[in-house]
Every structure is written in structure tokens, then in C-alpha cells.
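Novice: Give me a model of this one.
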Amino acid sequence: MMELAQARFNMIELQIRPWDVLDQRVLDLLESLPRDAFVSDANKSLAYADVSIGLDHGELMMPPKLEARMVQALNIHDSESTLEIGTGSGYVTAMLAKLAAHVTSVDIHEDFLAQTKSRLEAHGINNVTLEHGDASHGWKTDEETYDVIAVTGSLPHYIDAFQKRLNVGGRLFVIAGQAPIMEALLVTRVTMGEWVKQSLFETDLAPLQNASTPSRFVF
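Specialist: Predicted coordinates for the structure are as follows:
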């Protein structure tokens, strides 16, 4: 346990802070929510490393600094509703739930949802609705809107399906583009018909399963 506590401290001080994550709420959350509880036993030694941890189905868990930077950028308030596209390990789900009023998290893999349900219950987190489905092209487009949307896999090209689900004043975090250089974007809905798109940083992230890939010309 002491080794994991030291690894968590090192993650925050050597990875997270140097990557411009300075929001004390996010730093406190990283300290209090054990990331090692959201990875398999085989990967516990990697829980606080600056790597993408492999999950089942060929999926990957975001590196810790990217998770932290995303949560900081979204600036979530405790009265806000949040949609997460890609539940994965459930760690980001738990982070979002600790900050928001309610989180709806969607994943294409039912076993990820079952695993996350158990992990959230173990930490007394009960303000999350887990939904099964393919949200790579949007999610239930005629239904609820949200204050915050976090997309945890990249989109090979940007689509406007997610930004349309924002309430006015709502924020969307998404990574768009193709390897090796992608762009992390924060999109804010300023009126019913207007969005502002801000480029945050360059990175690289595995795409959402079934996300559309732009066609390439062959000469």
C-alpha cells in the first residue's frame, strides 16, 4: 500500500502538475480517488505510470495526465449533468461523478459496464447511470442534453453530433485527428446556434471503436 501511495504522489507531482494541471479540485481528486482500484490486478503496478494501460477488447485507458487535463478543462460544477462517451475502466467515470451532479456513461462493451458498476459501488458512488450502446457517431440524438460531455476515445475527424447535445454554456472535450498528432478540443455552446471551439494541446489517443475514418485518396 505504501508503494502505491508513493506512486500516486509521484504521478501528481511529476506527471500531472508539470502538464499544467493546477486546479486544486482536480489535484485533490487525484489524491483521494485510488486509480489502482480501477485497473486489473495484473496492471496495478502500472496504475500511476505515464502510460496507456491495456483493457479487454483491445481498448486502452488514457494516461493519467490526459485524464487530469481533460477533467480540468471541463471545469465541472456540482450542479451539472455530464455525459461520458466510453466508460472503459470506470476511473474517469468516477472522477466525473465526484464533481458533477449526475453522470451518464456509455460504452459499447457490456462487461466494462458491469465492472464499472462494481467499482463505483465499492467507492460509494451512486450518481451514475451506465448505458450500453455504440456512441461513436453520437448518442440518442433526439433526447437529453448535458452541461458537460467527455469523449474518452479520439475521433479520426470531428463530428458535430456531440456538440449538439450541449446545453447553452455547456462544454465538450474531444480529441480529433489521426496519429501521430491529434488535437484536444474544448467546445463551448454559447447560444442555441453557436459554438466556440478552442484548441488545447496536441496529443495521441486511440480512436473510439467504430468511429468514422476519413477516406484517403489513392493516386
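Novice: counting contacts, what elements does the longest helix anywhere in the chain pack onto?
Specialist: Of all the segments of type helix in the chain, defined by DSSP state H, the longest one is helix 110-122. With contacts defined as 3 or more CB pairs under 8 Å, 6 or more residues apart in numbering; DSSP states H and E, helix 110-122 has these neighbours: helix 91-99, strand 102-107, strand 128-132. (C-beta placed from N, C-alpha, C; glycine too.)
Novice: buried residues in it?
Specialist: Buried residues in helix 110-122, counted by 16 or more other CB atoms under 10 Å: 112-113, 115-117, 119-120.
Novice: Taking helix 91-99 as reference, get the angle to it.
Specialist: Here the directions of helix 110-122 and helix 91-99 differ by 40 degrees (axes from the mean of the first three to the mean of the last three CA atoms, to 10 degrees).
Novice: how about helix 110-122 as CSV, C-alpha atoms only?
Specialist: Extracted in CSV, the C-alpha atoms of helix 110-122 (Å, rounded to 0.1, in the frame of the first residue of the first chain):
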residue,chain,number,x,y,z
GLU,A,110,-21.3,-4.6,-21.6
ASP,A,111,-18.5,-6.2,-19.4
PHE,A,112,-16.9,-2.8,-19.0
LEU,A,113,-20.2,-1.5,-17.6
ALA,A,114,-20.6,-4.4,-15.2
GLN,A,115,-17.1,-4.0,-14.0
THR,A,116,-17.5,-0.2,-13.6
LYS,A,117,-20.8,-0.7,-11.7
SER,A,118,-19.0,-2.9,-9.1
ARG,A,119,-16.1,-0.4,-8.8
LEU,A,120,-18.3,2.6,-8.3
GLU,A,121,-20.4,0.8,-5.7
ALA,A,122,-17.2,-0.1,-3.8
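Novice: For it, report the contacting residues that lie outside it.
Specialist: Residues outside helix 110-122 that contact it (CB atoms under 8 Å, 6 or more residues apart in numbering): 37-38, 55-57, 59, 87-90, 93-94, 97, 105, 107, 126, 128, 130-132.
Novice: can you rerun that using 10 Å?
Specialist: With contact meaning CB atoms under 10 Å, 6 or more residues apart in numbering, helix 110-122 is reached by 37-40, 55-57, 59, 86-91, 93-94, 97, 103, 105-107, 109, 125-128, 130-133.
Novice: Quick check on those: which are buried?
Specialist: So, by 16+ other CB under 10 Å, the buried ones in the contacts of helix 110-122 are 37-39, 55, 59, 86-91, 93-94, 97, 103, 105-107, 109, 125, 128, 130.
Novice: Can you name the residues that contact Val190?
Specialist: 166, 168-170, 196.
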